[in-house]
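Q: prediction below, plus the sequence it came from.
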Amino acid sequence: MKRYQPPKWAIRFLIWFCRDDLSDAVLGDLQELYERRRKKIGKRRADWLFIWNVLQFLRPFAFKHQTKNSSKLIPIDMFRHNLLLTYRNFKRYKSSFFINLIGLSTGLASVLLIFLWVNDEMSFDKFHEKNHRLYQVMRNIGEENNIRTRESNSDLLATALAEEMPEIEYAVPVSRVISRGILSSSQKNIKADGQFVGKDFFNTFSFTLIQGDRNQVLQDKYSMVVSNDLAVKLFGSPKKAMGQTVSWDHKIFGGSHVITGIFQKPAGNSTEVFDFLATHALFMEKSPMDVSWHSNPVYIYLTLKQGIPVDPFNDKIADFIKTKNKRSKEKLFLRRYSDKYLFDHYENGRQAGGRIDYVILFSAIALFILVIACINFMNLSTARASRRLKEVGIKKVVGARQQSFIFQYGGEAMLLSFISLTSAILLVFLFLPQFNFITGKALSIELDWNLIFGALIITVFTGFVSGSYPALYLSRFKPSEVLKGKLKTSAGQLWTRRGLVIFQFSISILLIVSVVIVYKQIDFAQSKHLGYEKDNVITFEKQGRLNESLASFLAEAKNISGVVNATALNGSITNNNSGSGGHSWEGQSAHLPSITFTSTTVGYDYIETLGMEMKEGRSFSRKFANEEEAKIILNEKAVKMMELSEPVGKWVKLWGTKREVIGVVKDFHFQSLYKEIRPMFLLCDPGHTTTIVVKINAGFETTTVKKLEELYHLYNPDIPFDFKFLDDDYEALYRSEQKVADLSRSFAGIAILISCLGLFGLAAFTAERRVKEIGIRKILGSTSLGIVRLLLADFTNMVLIAIVVALPVSYLIAKSWLNGFAYKISLEWWFFIGAGLMVLVIAWSTVGIQAIKAARVNPVKCLKDE
Amino acid sequence: MKGTHLGEFEELVLLTVGILFDDAYGLAITDELEKRTGRRVIISSVHKSLVRLEEKGYLKSHMGGATKLRGGREKRLYLLTNAGINAVNEAKQLRNTMWDAVPKIVWEGGML
């Protein structure tokens, strides 16, 4: 008869914990039960029940326990004993306990918050099913001594690649511009953002279609896919919306569309955000001048077929553009689509960080804060070691080994860090809304394994880091010495403690300097003269009837008192990163490399409204109304790079048409200060503008905007007047810097707070230990001031060393951060000295409280006992 | 007082040990209890009671009766001690006296 075997490990486990006189009988019983069940209910369930039965014996009666002749201490009893000692220790030295608790829980809370944030950042764009083979086609453009990396590509590239490269499964173009416009059903007008995408969009990305077939929805040129929300707003429900016609009010792309599909907005974090999708075929039809190998109006995403390695494929497509356009110096390569969000910055053709820098930065800050809190624990417990001398001595004499001390003191730290975890979780709940406000995220605490696991690992790490040094330190005492009351604090140990304090303060100084510099740079960006005036300017979209009657609207707007001037443009004033190359001009020398120009199409009065200055020539004028569309204005940088002398009157050939240069505008910033001003030109074509710009007299903003709104509604009674201030737009360019600054400020504050708590504890302890010395000094005639100075001296030295260590490091870090900006503040010495002084003063006031208290003690009292 | 009180479950275990006489070991007792009471009995609870009852001196035990079915392991076989017999007896007596103290009218359903 065959015998069945229950899980062996469960048997071993039972033998391990169960008392010997019981285990055999119990195992026999369970085995018998197992045999019986095995026949009835099969192996799986019988195994489970066996394990369950074994676990049921995890009750005190069944545990091994100490018998009288056993010298081995059972872990359970030791554990209980240690727990009791820990509890008494906490109770007895409440101040150290609270200092540690506050420090560790703020530290842990900071780490948990940052953990949530990092988790969220890392999750961007990873929800697509084909994530591991979803790529974006990128372009490296060789310039004279630099390589520029661009995300955009030609309209023609997607189809060409898909046709010629068998490795590609799907390739889709997605328009760079997000076209905002009004979508109208028979009942409603809704403002929405849309993009133009290739027909395999839904095969490439995993946006869910709730209506429509993903192979079909974008087949017809005039089809449109709208979001669930938008469908409900326009037609009441997604089902009703299917097959309906919507009209889209947009100057260039507008027209009638048929809704062929409804998608669900993605639940995960996505860089692609849109309300509706129109077809790329339509995009090409409506902007035919862009359809060429010279113009790059789209992003191209592709999926490789299963099992195609990306590196050889990269080599294969590198020179693809050259086969289409011989003069091109562009090389193509693929980037993982999920890297788009975090790794978005390129320098000289190589990946150079991006948002990932902030992820790393804040992870580092979190780690530092936690370590600072751990250091408090280490310092306070080693400093107070003298109080536990007798405990250690007696235990060792009785026979305790070193590892049992390591276990005890390590356990103490572990316990404290778990207590801190609970209060840290409370803190996280408390501060999460504020944290969300600063970071602009909607983080929430969801109990998933990721979070639980993360929190546990962080807590165990904290316990381990803070407990290991004290445990090793305390357990090394020699019983013969400590019982006689001798505790030699060696110089090494003293320096370890000092070194740790120095480390804490160095980090704090570093953080303060960083905060100062980031704020200064933001302030600089905010107040720098940009070459145009961004204050009191509002912008809004040219919609509805404004498209036909722009000139009359602008004329009427200028008549409003309070309006200084009004104009229109196509695109963004603050962040224009368009680019086109392949242009030629009069007197162009052959050796010049191809120049990529940024361009803006504007209406009349553009230069005047934004307060730009002309260097030479004239700006666009209504006087020559019919001819202006064939003219061009360059900026200084363009003139310089084109090596033109006397540019006015010369011609520049754009897309096959010669245009006469009528003026040169002084350089102005049309991008963030990260970027050098690039060559650019202005074209005049009021019909092709999308945004209206109005300059208002300072002080009359509210009333003037109101009058403008009334005027706007005369033209567009149904469309809401939705305007923005230009300086807000400009500020938005530095939003991530602003966030970094705000967050660093909070965390710098926390770091300082925790460091000072530690210092406070140490100072209190020193004052206590030296109380007799102070008493004697006072009797011998020392003044209170002298004693304060005595107590301060040691700490002052530590902070001074910290300053010396931290300042060069912070200088280097600040310098490398500022290097990212083309236009930046210069580093002033007082940023650094100021931060150092600030920390010194904070440290003094912390220690000072203790020192003054100690100095005012009555010598009679402190010398009396004994 | 610890050690003399007999819980309801312990009393049942003692009685079962009596019933099974020469084959009273953990699993058999569990089975018998389940059969007689109709409740689910957890085997570790039975062992716990057995250990405690032996500590109290109501039971004695010896090893024996290994079978292949048990993976060659011996059973711990329990027997009632005199003290154990007394204890069950006392429990029964207690019940009886209390039983008798209830007025007859209650049993006859004479709720007024």
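A: Good, I have the coordinates. Residues are numbered from 1 along each chain as shown, chains lettered A, B, ... in the order given.

Q: pull out the buried positions in stretch B:34-43.
A: By neighbour count, with 16 or more other Cβ atoms under 10 Å in any protein chain shown as the criterion, the buried positions of stretch B:34-43 are B:41, B:43. (Glycine included, C-beta is placed from N, CA and C.)

Q: tell me the mean pLDDT over that stretch?
A: For stretch B:34-43, mean pLDDT is 90.

Q: from the chain's centroid, how far away is it?
A: Here stretch B:34-43 shows a centroid-to-chain-centroid distance of 12 Å under the convention Cα atoms, centre = their mean, to the nearest Å.

Q: cool, and stretch A:464-483?
A: Distance of stretch A:464-483 from its chain centroid, counting by Cα atoms, centre = their mean, is 41 Å.

Q: neighbouring contacts of it?
A: A:104, A:370-371, A:373-375, A:377-378, A:381-382, A:385, A:388-390, A:392-394, A:396-397, A:402-403, A:405-406, A:408-414, A:416-417, A:487-488, A:493, A:496 (Cβ atoms under 8 Å, 6 or more residues apart in numbering or on different chains).

Q: can you check stretch A:169-179 too?
A: Residues from elsewhere that reach stretch A:169-179 (Cβ under 8 Å, 6+ apart): A:133, A:137, A:152-153, A:155, A:157-159, A:161-162, A:193-201, A:203-204, A:250, A:253, A:272, A:274, A:280, A:283, A:297-305.

Q: of the residues you listed, list those near chain B.
A: Filtering these for proximity to chain B by Cβ under 8 Å from any Cβ of the partner chain leaves nothing.

Q: what about the residues you listed, which are in helices?
A: The members of the contacts of stretch A:169-179 that map onto helices under DSSP state H are A:157-159, A:161-162, A:201, A:203-204, A:280, A:283.

Q: and the helices in chain B?
A: B:8-20, B:26-37, B:43-56, B:82-101, B:104-107.

Q: typo on my end, it should be the stretch 1-150 of chain A
A: Assigned by DSSP state H, counting those that start in this stretch, the helices in the stretch 1-150 of chain A fall at A:8-17, A:20-56, A:75-92, A:94-122.

Q: what mean pLDDT does the third one get?
A: Averaging pLDDT along helix A:75-92 gives 81.

Q: who in chain B is up against chain A?
A: Counting by Cβ under 8 Å from any Cβ, the residues of chain B near chain A are B:25-27, B:30, B:42-44, B:47-48, B:51-52, B:63, B:66, B:68-71, B:73-76.

Q: quick check, A:Ser672 in contact with A:Leu733.
A: Yes - assessed by Cβ atoms under 8 Å, A:Ser672 is found in contact with A:Leu733 at 4.2 Å.

Q: okay, the helices of chain B in CSV with distance to A:Ser549 next?
A: Listed next are the helices of chain B as CSV, based on distance: least, Cβ to Cβ, whole Å:
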stretch, distance to A:Ser549
helix B:8-20, 94
helix B:26-37, 92
helix B:43-56, 88
helix B:82-101, 104
helix B:104-107, 102
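
Q: check the ones you listed for me: which has the lowest mean pLDDT.
A: Among these, helix B:104-107 scores lowest, at a mean of 81.

Q: could you list the buried residues of it?
A: In terms of neighbour count (16+ other Cβ under 10 Å), helix B:104-107 has no buried residues at all.

Q: since we're on the residue nearest to A:Lys650 when sequence neighbours are not counted, how many residues are nearby?
A: Sequence neighbours aside, A:Glu586 is the residue nearest to A:Lys650 in space, at 4.2 Å (criterion: Cβ to Cβ, 6 or more residues apart in numbering or on different chains). The number of residues packed near A:Glu586 is 15, by other Cβ atoms under 10 Å in any protein chain shown.
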